[in-house]
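Trainee: following is a predicted model, sequence given first.
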Amino acid sequence: MQRITPIILYLSLGVLQTQYILNVGISIEEVVLQVNREHNIEINIFVNINHEVQKLQMEDPLDQLAHQYHNLPKIIETNTSAVKQLRGAHSANSLTMVFITWENVNTTFLALDKLLHELHFTSIIFIYLNPYELERELMYIFHMCWNYGFTSVMVWSDQKLYTYHPYPKVEIKRVNNVSQFADKSHLENFHQFEWLQPTVEFPPRFYSYTNRYGQKVYSGYLYKLIYLFLTGHNASIEFFLFDMWSTNDSNQNLLQKCSVKRCALAPVLYNYHPTILASYCPYLAKGLFIVPSAKEIPESLYLIMPFDAPIWFIIIFCGFLFFILINGIATLRHSNYDFGHAFLDAFKIIMFLAVSSSMERSLKNFGLNLLFLFTGIFLTNYYVSSLWSLYTSKVYETELTLLADIERTNLKIFVYEPDLENFALLESLPPIISQRYYPGDKSLFHQYRKNLNMTYLYTGLEDLVDYIFLQQTFLKRPFAKKLSETFFHQPFIVAMVHRSPLYEQFNRYLSRIFEHGILSKFITDSYWEGIVGGEFKLLKDPAEQYVALNMTYFQYAFVILVFTWIGAFLVLLLELACHSS
C-alpha cells in the first residue's frame, strides 16, 4: 500500500497538470519559439493577406521573437499578386505562419499554393482569428490543407492548438504541445485509404501479363517499388490503365489525369520538369544507342586474314635468308648460278615443297635441309591452323563503339516523338546524330524496338536496353548491341504530381530501398518476369548445318593464280626478247 500511494499521487499530478495546460492554453509566441527550436528552422515566413492594421500588428512581436533567439531571416507576404514561388534547398527547412480569418480563407490558400508550390511539405502554423463556428471552420480549413497537400499543419486559435489526421478521412485532433505536433507517426498508416494508381505497358518498369491461371498479374520494378510502398503503409490501390503508346495520349496527359484523380505516383521515369514533383534521385541513368552488331567479313577474305604483319616479316626474312643460303651452296659447287632458280627454291621451302636443286651428301647440307624442313612445316601449319580457326570462329567487321561511328551506317534513328524535345537540348553531339532522327509512328516504335528490328537505330535508358537484350542471352552471336559511348544521362526520379502528400515519405522509402540494394533486385527480377509473362521469348541460334567450303572462299586464290600466270607470261616474253637481242 505504501508503494502504490506515490504512484497514485504522481498520476494525479499529471492529470492536474494536463487539465491546467488545457485550461490555460499556450500563446502563439511560445508555439513559434518551440517549433523554431525543435525543428531547427532556418527561415520564418509570415503570410497575412488581410490588410487590417490590428492583424498586422501581430507580425512585429513574432518577428522580434524569432530574431531574439535564432536571428532567423524572414519573408513577409501581404499581397496575393506579389507572392512568388519559393525554391531551393535553403527554403525547405522553413516555418510558415499564416494569419487567417474566415473571410480570407480561400484567398489565403491561393497565395499559399503559389508560395509553397514546391515546398508544400514544410511546417505551417495557421493563426486563426475571430472564429464563428470553430469546429465547422476548422474542418473546412483542414480539408483545404489536404486538397493542397499541406500535411504538416497546426492551427492556433484562442490559445489552443489543433491539427488533423488525413487517413482514412480528415479528422480534427487537439494538440496539447508542440512535441505532439512533431509526431508524424499517424501518416505512416493509411488505414486502407484508396489511392488511384495508373498502369502502363512499358516493361521492365510497369507492365502486366496473364498467368497460366488466367489471372492478370502486374509486374515491373516501378510497380514493385510503388506497390511495396503503398501496401507497407496499409493502403488500398485501385488501378486504371493509361495507354502511353496511343497517338492521342502523352506523358503530359498522364500527369494531368493524375492531378485530377488524386493518383499516388506516376509509373514512368521523367526528366526534371516544372510540371512534375521529382522524387529523391538515387543515381543517373545512362541513355544508350541500340545498334546492329558487326557483319561477317566476305568469305573470300579469309584466305588472306592469317597474313598479318609478323607473318609477312617472317616470310620475307626467311625467303631472303634461304635465297642467300641456296646461292651460297651453288657458288661452292659451280662457277655460275641462276638467281631465278634460287628464288624459286626459296619460295618452295616456305611453301613446304620439294627443292629441285641437288646437294652433296654432307653434314652441313643435312643441317640446311633440316632447317628448310622445319621452317616449311612451321609456316604452312601455322597458316592452315590459323585459317581453319578463323573459319570456325568467324571474323567480323569493326564494331560500332562511338557516336561518331554511326556515320559509317546508312540507318535512321527511330525516336519516340515526345523525346525529340529533350534530344534537341543535348550538347556536344556529332552532327550526324541530329541528321538521322526519324520520328515515326509511336505504335510501331515500341514494337520495332522490342523485337530488335535493326532496320533502324534506337535509343533507350540502360534498364530498358538490358531488358530488351535479355532475349539474346543464349545466342552465340547477338545481332544487336549497345554503343559503349553514352548518349545522354537522365536522373532516376519517380514523378509525382504537385501537392502530393506522399513526397517526404516516399523519398525516405526510396533512399532506403536503393541503399540496401533492393531496387537493384527489383530491376533484375523484372527482366526475367518479362520472359515468364511472354513479353518476348529467348532467341535461339538456327540449327547448325556443316556445309563444305564453296567457291566464294577461294575467289582471291584464283585471282592470285591468274595474276601469277600473267606475271610468268610477261617474264617469259621479257626473256625471249633478251635472248633474241
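Mentor: Thanks, I have it. Numbers count the residues shown, from 1 in each chain.

Trainee: what mean pLDDT does stretch 426-441 get?
Mentor: Confidence for stretch 426-441, expressed as mean pLDDT, is 85.

Trainee: how about residues contacting that stretch?
Mentor: Taking C-beta atoms under 8 Å, 6 or more residues apart in numbering as the criterion, the residues outside stretch 426-441 that touch it are 403-404, 406-407, 411-417, 420, 423-424, 456-457, 487-488. (Glycine included, C-beta is placed from N, CA and C.)

Trainee: give the buried residues for it.
Mentor: 433, 436, 437 (16 or more other C-beta atoms under 10 Å).

Trainee: swap in stretch 265-276?
Mentor: When neighbours are counted by 16+ other C-beta under 10 Å, the buried residues of stretch 265-276 are found to be 265, 266, 267, 268, 269, 270, 271, 276.

Trainee: how about stretch 304-313?
Mentor: Burial within stretch 304-313, assessed by neighbour count using 16+ other C-beta under 10 Å, is assigned to residue 306.

Trainee: repeat for stretch 125-135
Mentor: Counting neighbours by 16+ other C-beta under 10 Å, the buried set in stretch 125-135 is 125, 126, 127, 128, 129, 131.

Trainee: can you select the buried ones among the contacts of stretch 426-441 for me in PyMOL?
Mentor: Here is the PyMOL command that selects the buried residues among the contacts of stretch 426-441 (16+ other C-beta under 10 Å):
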select buried, resi 403+406+411+413+414+415+416+423+456+457+487+488
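
Trainee: show me the contacts of stretch 426-441 that map onto strands.
Mentor: Filtering the contacts of stretch 426-441 for membership in strands, criterion DSSP state E, returns 412, 413, 414, 456, 457, 488.

Trainee: the residue lying closest to the third one once chain neighbours are set aside and residue 415, how far apart?
Mentor: Translated: residue 414. In space, and not counting its chain neighbours, residue 414 is closest to residue 456: 3.8 Å by C-beta to C-beta, 6 or more residues apart in numbering. Going from residue 456 to residue 415 by C-beta to C-beta, to the nearest Å gives 9 Å.

Trainee: who is the residue sitting nearest the centre point of the chain paired with across the strands?
Mentor: By C-alpha atoms, centre = their mean, the mean C-alpha position of the chain lies nearest to residue 285, the distance being 2.8 Å. The residues listed as beta-bridge partners of residue 285 by DSSP bridges are residue 490.

Trainee: let the chain start at 13 from now.
Mentor: Taking 13 as the first residue, the last one we looked at is residue 297.

Trainee: in this structure it contacts residue 217, no?
Mentor: No - judged on C-beta atoms under 8 Å, residue 297 makes no contact with residue 217 at a distance of 11.2 Å.

Trainee: which neighbours do those two have in common?
Mentor: Between them, residue 297 and residue 217 share the contacting residues 281, 475, judged by C-beta under 8 Å, 6+ apart.

Trainee: helices or strands next to the longest helix belonging to the chain in the packing?
Mentor: Ranked by residue count, the top helix of the chain under DSSP state H comes out as helix 375-405. In this structure, helix 375-405 packs against helix 321-345, helix 351-362, with contacts taken as 3 or more C-beta pairs under 8 Å, 6 or more residues apart in numbering; DSSP states H and E.

Trainee: looking at the ones you listed, which is nearest to residue 515?
Mentor: Residue 515 lies closest to helix 321-345 among those, at 63.5 Å (C-beta to C-beta).

Trainee: so for the closest one, mean pLDDT?
Mentor: 78.

Trainee: same for that helix, what does it pack against?
Mentor: Counting contacts by 3+ C-beta pairs under 8 Å, 6+ apart, helix 321-345 packs against helix 351-362, helix 375-405.

Trainee: just the buried residues of that helix, please?
Mentor: Residues 330, 334, 335, 337, 338, 339, 341, 342 are the ones in helix 321-345 that count as buried (16+ other C-beta under 10 Å).

Trainee: chain center to that helix, what's the gap?
Mentor: In this view, helix 321-345 has its centroid 61 Å away from the chain centroid, taken as C-alpha atoms, centre = their mean, to the nearest Å.

Trainee: ok, stretch 570-590 next?
Mentor: On the basis of C-alpha atoms, centre = their mean, stretch 570-590 is displaced by 64 Å from the centre of the chain it belongs to.

Trainee: what are the buried residues along that stretch?
Mentor: Residues of stretch 570-590 classed as buried by neighbour count (16+ other C-beta under 10 Å): none.

Trainee: try stretch 465-484
Mentor: Residues of stretch 465-484 classed as buried: 468-484 (neighbour count, 16+ other C-beta under 10 Å).

Trainee: for the stretch 113-262 of the chain, what spans make up the strands?
Mentor: Ranges of strands within the stretch 113-262 of the chain are 135-140, 165-169, 172-177, 183-187, 206-211, 219-222, 228-231, 248-253, based on DSSP state E, counting those that start in this stretch.
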